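Student: need coordinates for the below:
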Amino acid sequence: MTTTFFLVRHAAYDNLGCYLAGRLEDIKLCRAGQAQARRLARRMARESLAAILSSPRKRTLETAKPIAVACSIEQISIRQELDEIDYGAWSGKTFEELNADAAWRRWNHQRHDARTPGGETMHDTQQRIIGLMNVLRQQTPNRCVALISHADVIKAAVCQVLGLQLGDCFRFDVEPASITTVVHGDWGSKLIRLNEVA
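Tutor: Here you go, the predicted model:
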């Protein structure tokens, strides 16, 4: 028995790539992001989804809602396991500001064991998303599930699936409004498609 997971990164918000949004409240999709979410929904309408689960962040919920409508899913389940990494005091800072911070540089050079100011490691993030996928595999055998989350959370899952070190997360991209497809079974996991942009 296998479960197919569509790991979906939220669509774009204003000034994406200029600052670290983290767990800031009320970061919503910009106009371009709303268009991305509609395209993503049209793409996901081709799939027979059993469920849609989302991070609690506004940008992920705004990405999930059009998918739910397109796929006739009545309820989106909000799951903390899909939340953005807890960046603590780094949230809201520009990347120019962050690059001057030795702790930020250490985070990016030692992803396997460095902690954010919020106290979370990349390994913690990986454990929570893989743990959720393991539970869902038992609950939804031979079904498809969409998980709407964030770039580094999805990268953590992909590193586990491919047997990569967490520091290898910089070797591939997970773009806004992209779909990464993973099949998960008793035999393990397999990456079917990485960073598909609708």
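
Student: from now on I want contacts and neighbour counts done on CA atoms only, so please keep to that.
Tutor: Noted.

Student: which of the three states applies to residue 179?
Tutor: Judged by DSSP: H, G, I helix; E, B strand; the rest coil, the three-state class of residue 179 is strand.

Student: Provide a list of residues in contact with it.
Tutor: Applying C-alpha atoms under 8 Å, 6 or more residues apart in numbering, we find residue 179 in contact with 6-9, 193-197.

Student: so for those, which is the shakiest by pLDDT?
Tutor: Among those, residue 197 carries the lowest pLDDT, at 95.

Student: run the chain-centre distance for the helix of greatest length in the chain.
Tutor: Taking DSSP state H as the criterion, the chain has its longest helix at helix 122-139. Computed by C-alpha atoms, centre = their mean, to the nearest Å, the chain-centroid distance of helix 122-139 equals 12 Å.

Student: give the buried residues for it.
Tutor: 122-123, 125-130, 133, 136-137 (16 or more other C-alpha atoms under 10 Å).

Student: got it, and stretch 2-17?
Tutor: 2-13.

Student: just the terminal-to-terminal distance for it.
Tutor: Stretch 2-17 has an end-to-end distance of 35 Å (C-alpha to C-alpha, to the nearest Å).

Student: ok, now stretch 51-62?
Tutor: 16 Å.

Student: what's in contact with that stretch?
Tutor: 9-11, 13, 23, 25-29, 34, 37, 64, 68, 73, 75-84, 144-150.
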